[in-house]
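Chemist: Show me the folded form of this:
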Amino acid sequence: MADAALRLKSLVEQLLGVPLPVRIRAWDGSQAGPPGAPALVVRNRRAVRRLLWKPGELGLARAWVAGDLDIEGDLYEALDLMSSLVWERGEDSRTLLQALRDPQVRAAARGLVKVAGLPLPPAPPREEVRRSRGHLHTRRSDKRAISHHYDVGNDFYEIVLGPSMVYSCAYWHEGGTLEEAQRDKLALVCAKLDLRPGMRLLDVGCGWGSMAIHAAREHGVSVVGVTLSQEQAAYARKRVADEGLTDRVEIRVQDYRDVADGPYDAISSIGMAEHVGAERYLEYARDLYSLLRPGGRLLNHQIARRPQRDESAYDVDEFIDAYVFPDGELAPVGTTVTQLERAGFEVRDVESLREHYALTLRRWVANLETEWARSMRLTSPGRARVWRLYMAACALAFEHNRIGINQVLAVKAPESGASGMPLRARTWGAPRA
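Modeler: From the prediction side, this is the model:
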């Protein structure tokens, strides 16, 4: 009799102590759970073994990436329903140990072992980062982490990001397209930096060159863009040449810590500071400060997490660390502002674009799903599944205010104290309505 789904549902609910909000459809064709809810498709017993060996988020991630687990129905609804069981519940090992003292819970765990079959741990999917011992955020480790995330094929990123090739939060207006929203974001950054012909701009973490090209073409500035990704640099250089901007835009494969040809009039750092790490952040801020002329401006565009009561207890997200952004760290926006001020900057403006990033991520997911078969061919089925889950889950995290995104505008004020900022700065030259 096909009853794997009912057995799994009963055992998991015993372990968790709460009803499952989604259906389960098992490898034997059986189903159990709330009618009409999205289904968690358990394709084989290996999925159960993955969860037994790595309970919580990492086990679920491995099963998802390997294709042992899938979701039938609305992806966002399913992730939203499951968030209280995974992301919001946390993975406190003491709580788990306390739960295992309960005879019913121990019986449920033994039941899952029987359902799972042979108790050998499945190998992690090949898309998972293989960890090496050593310090985080050295030049070598950062280059390796950046390569893992960005050197997965420019053709794949063209599908996800669209023609703009901007991999950061767009700036939306009602009824706009992704391309318009990304153009407006670049225009907003340039307006905040007050870019004018003849200026020198350093674009830290320049990606595929979109900001550098926009600033040079629309504002007549000279731009140096730095990235650690060989694939990004090659793509960006071709775009610069196609635009006829090689006399004004230079793309380097270079660590920001090795840039030594300041001073610059302005610096943009868009979606890069998340890679820096808490231990290196003050060094990052001081390096950028030293590269600016007195009166120069920095625009730091960065994802932020909510502050915790005990900041020492912060730990990185297991799924994102293993599959998306190795060694990436998020900080509360207040911490970022403090570190910039400690480096010598005067912070002049902080603008939250949280809702804008949720909209951006949903468009990226739609782009990926539209060309799903081609996306899997260009990378791997596992990598495509990583990006779909990561972007959809992040969209929900922004919508529910679990994470945010902020543009922090800071000035290297001269000794006179004259910031060069207008009295009513928030006009920013008004990007398109």
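Chemist: And Arg426, what's its pLDDT?
Modeler: pLDDT for Arg426: 79.
Chemist: Verify the stated contact: it with Asp349.
Modeler: Yes. Judged on CB atoms under 8 Å, Arg426 makes contact with Asp349 at a distance of 7.3 Å. C-beta: built from backbone N, CA, C; applies to glycine.
Chemist: Compare neighbour counts for the two and give me the winner.
Modeler: Shown here are Arg426 and Asp349; by other CB atoms under 10 Å, Asp349 has more neighbours (16 against 9).
Chemist: what are the phi and psi angles of that one?
Modeler: Dihedral angles of Asp349 (phi, psi; degrees, to the nearest 10) stand at phi -160, psi 140.
Chemist: how about it, what does it touch?
Modeler: Lys192, Gln407, Val408, Leu409, Ala425, Arg426 (CB atoms under 8 Å, 6 or more residues apart in numbering).
Chemist: measure the nearest residue to Asp68 once chain neighbours are set aside to Cys190 for me?
Modeler: Excluding the flanking residues, the one nearest Asp68 by CB to CB, 6 or more residues apart in numbering is Ala47, at 3.7 Å. Distance of Ala47 to Cys190, computed by CB to CB, to the nearest Å: 48 Å.
Chemist: ok, these two, which is more surrounded?
Modeler: Comparing Ala47 with Cys190 by other CB under 10 Å, the one with more neighbours is Ala47, at 27 against 24.
Chemist: ok, back up a step: part of a helix, is the residue nearest to Asp68?
Modeler: Yes. Counting by DSSP: H, G, I helix; E, B strand; the rest coil, Ala47 falls inside a helix.
Chemist: and Ala413, helix, strand or coil?
Modeler: Using three-state DSSP, the structure places Ala413 in coil.
Chemist: Regarding it, what are the backbone dihedral angles?
Modeler: In terms of degrees, to the nearest 10, the main-chain angles of Ala413 are phi -70, psi 140.
Chemist: need the contact list for it.
Modeler: Pro294, Gly295, Glu346, Ser419.
Chemist: Just name the closest of those residues to Gly73, please.
Modeler: Glu346 (50.2 Å; CB to CB).
Chemist: quick one: the strands in the stretch 151-300 of the chain?
Modeler: 200-204, 222-227, 249-253, 264-270, 292-305 (DSSP state E, counting those that start in this stretch).
Chemist: Weed out the non-buried ones from the contacts of Ala413.
Modeler: When those are checked for burial by 16 or more other CB atoms under 10 Å, the buried set is empty.
Chemist: Rebuild those residues as CSV, extending it with distance to Glu371 and pLDDT.
Modeler: Output for the contacts of Ala413, formatted as CSV (distance: CB to CB, whole Å; pLDDT from 0 to 100):
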residue, distance to Glu371, pLDDT
Pro294, 48, 97
Gly295, 46, 97
Glu346, 45, 98
Ser419, 47, 92
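Chemist: Just flag the most distant two among those.
Modeler: Pairwise over the contacts of Ala413, using CB to CB, the maximum falls at Pro294 and Glu346, 11.5 Å.
Chemist: Identify the contacts common to those two.
Modeler: Joint contacts of Pro294 and Glu346 (CB under 8 Å, 6+ apart) are Lys412, Ala413.
Chemist: So, low pLDDT: which residues of this structure?
Modeler: Applying pLDDT under 70 to the chain flags residues 1, 86-112, 114-119, 131-137, 139, 141-151, 429-433.
Chemist: rewinding a little: as TSV, the contacts of Ala413 with distance to Leu378 would be great.
Modeler: As requested, the contacts of Ala413 are arranged in TSV below (distance: CB to CB, whole Å):
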residue	distance to Leu378
Pro294	47
Gly295	45
Glu346	45
Ser419	47
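Chemist: can the strands of the stretch 151-300 of the chain go into JSON lines with extra columns for distance to Trp172?
Modeler: JSON lines is the format used below for the strands of the stretch 151-300 of the chain (distance: least, CB to CB, whole Å):
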{"stretch": "strand 200-204", "distance to Trp172": "22"}
{"stretch": "strand 222-227", "distance to Trp172": "25"}
{"stretch": "strand 249-253", "distance to Trp172": "27"}
{"stretch": "strand 264-270", "distance to Trp172": "16"}
{"stretch": "strand 292-305", "distance to Trp172": "15"}
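Chemist: Quick one: closest of the ones you listed to Asp28.
Modeler: Per CB to CB, nearest to Asp28 of those: strand 292-305, 40.8 Å.
Chemist: Quick check: what element follows that closest one along the chain?
Modeler: On the C-terminal side of strand 292-305, the nearest following helix or strand under DSSP states H and E is helix 318-323.
Chemist: which residues sit against that following helix?
Modeler: Helix 318-323 is touched from outside by 56-58, 60-61, 65, 127-129, 327-328, 386, 389-390, with contacts defined as CB under 8 Å, 6+ apart.
Chemist: Report the beta-bridge partners for Ile267.
Modeler: Leu202, Leu298 (DSSP bridges).
Chemist: Kindly report the same for Ile24.
Modeler: Beta-bridge partners, per DSSP bridges, of Ile24: Ala32, Leu40.
Chemist: Report the separation between it and Arg7.
Modeler: 9 Å.
Chemist: Looking at these two, which is more packed in?
Modeler: Per other CB under 10 Å, whichever of Ile24 and Arg7 has more neighbours is Ile24, with 20 against 17.
Chemist: burial count for Leu85?
Modeler: Residues near Leu85, counting by other CB under 10 Å, number 16.
Chemist: typed the wrong thing, it's Met165
Modeler: 20.
Chemist: what do you get for Arg309?
Modeler: Neighbour count of Arg309, defined by other CB under 10 Å: 5.
Chemist: just Gly244 next, same as before
Modeler: Count around Gly244 with other CB under 10 Å applied: 9.
Chemist: what's the longest helix in the protein?
Modeler: Of all segments of type helix in the chain, defined using DSSP state H, the longest is helix 381-399.
Chemist: And that one, what does it pack against?
Modeler: Counting by 3 or more CB pairs under 8 Å, 6 or more residues apart in numbering; DSSP states H and E, the packing neighbours recorded for helix 381-399 are helix 57-66, helix 75-83, helix 154-161, helix 318-323, helix 354-370, helix 372-378, strand 403-411.
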